[in-house]
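Asker: Okay, sequence plus prediction incoming.
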Amino acid sequence: MEKRQLGKTDMEVSVLGFGGSEIGYENVSAETVETLLNSALDAGLNVIDTAECYEGSEELIGRTVNHRRSEFYLFSKVGHPRGLGSEDWSTASILESIERSLRRLQTDRLDLIQLHSCSEAVLRKGDVIAALQTARERGHVRYIGYSGDSLPAKFAVQSGAFDTLQTSINIADQEPLELTIPLARERNVGVIAKRPIANAAWKTGHKPIDSYQHPYWDRLRMLNYDFLRCRPLEQSIAHALRFTLSVPGVHTAIVGTTKPERWQENARSLEAGPLAEAEFEGIRERWDDLAPSTWVGQT
């Protein structure tokens, strides 16, 4: 699997990373996670990204692949110790959360810890950044990053405090291509794409039941890309993923799944390489023509 240097870090990351939210929220069995992660590692994927608030995700990862810890880079996030919707940006909470993540993940150090979508106001106070720096000084983490979108993400990159930015980049979320990624490239900040296939919100052909998917469904209905209408689902997903990884400055794309065969399908889809320039620009031009300024990154 292709690997790219993650900005200023010493990590050479696979272009596909595993996202741990689904295995936590969907109560996936340890046996399935073991198959899912070990087969991914066997084929060269070397990034696993999770968060303290993804239900049992950290525990599952620690239980199933801690014996292969030297084979992958381990990323997590802080800020929601009691689940999404219950923020705590205090220094004590952040440091306690990192120590708890280390225990859950059965490791003595994280390769990357990320602030999980905190506001620009919180970032500007500086305490959260100082807390991550303290964790790094204690040897609990190697690098620090910001995970989020729009103006807070721009401030995070401008601050010079972070080694990486994880942000929403996909066919329905292109604000970062002008707002943050050029700045990240200029400052050699590693860029991690979250939601790189826009949650495949079009896959059922009707509006998803889960309201979390509705913003992307509504956007894609308006954008009305021809490849979503005219190609089989597997090919349209491949096209969307290749778009994200064709964006200059993107180093790895985090894809979550509960199906062991799904990540392999995504890996095969990348064998064709980046999109042709005309295909890439066609998606960009449609966004420029139709996307209103209110279409910002999704939390």
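Answerer: Cool, got the structure. Numbers count the residues shown, from 1 in each chain.
Asker: mind listing the helices for this protein?
Answerer: Along the chain, counting by DSSP state H, helices occupy 21-25, 30-42, 57-65, 91-105, 120-125, 127-137, 150-159, 176-179, 181-186, 214-223, 226-230, 233-246, 260-269, 277-290.
Asker: is it true that residue 287 touches residue 223?
Answerer: Yes. With contacts counted by C-beta atoms under 8 Å, residue 287 reaches residue 223, the gap being 6.9 Å. C-beta coordinates here come from the backbone N, C-alpha and C atoms, glycine included.
Asker: Can you list the low-confidence ranges for the chain?
Answerer: 298-299 (pLDDT under 70).
Asker: Farthest from the middle of it: give me that residue.
Answerer: Relative to the centre of the chain, the most outlying C-alpha is that of residue 230, 27.9 Å out, by C-alpha atoms, centre = their mean.
Asker: Report the buried residues of stretch 165-180.
Answerer: Taking 16 or more other C-beta atoms under 10 Å as the neighbour-count basis, stretch 165-180 is seen to contain the buried residues 165-177, 179-180.
Asker: which residues touch residue 72?
Answerer: By C-beta atoms under 8 Å, 6 or more residues apart in numbering, the contact list for residue 72 reads 41, 45-48, 65.
Asker: what does residue 198 give?
Answerer: Shown in contact with residue 198 (C-beta under 8 Å, 6+ apart): 170-173, 216, 219-220, 240.
Asker: If we use 10 Å, what do you get?
Answerer: If you count contacts by C-beta atoms under 10 Å, 6 or more residues apart in numbering, residue 198 has them with 168-173, 213, 215-217, 219-220, 223, 228, 237, 240-241, 243-244, 298.
Asker: And for the residue lying closest to residue 280 once chain neighbours are set aside, the neighbour number?
Answerer: Once flanking residues are discounted, residue 280 sits nearest to residue 246: 5.2 Å by C-beta to C-beta, 6 or more residues apart in numbering. When neighbours are counted by other C-beta atoms under 10 Å, residue 246 registers 16.
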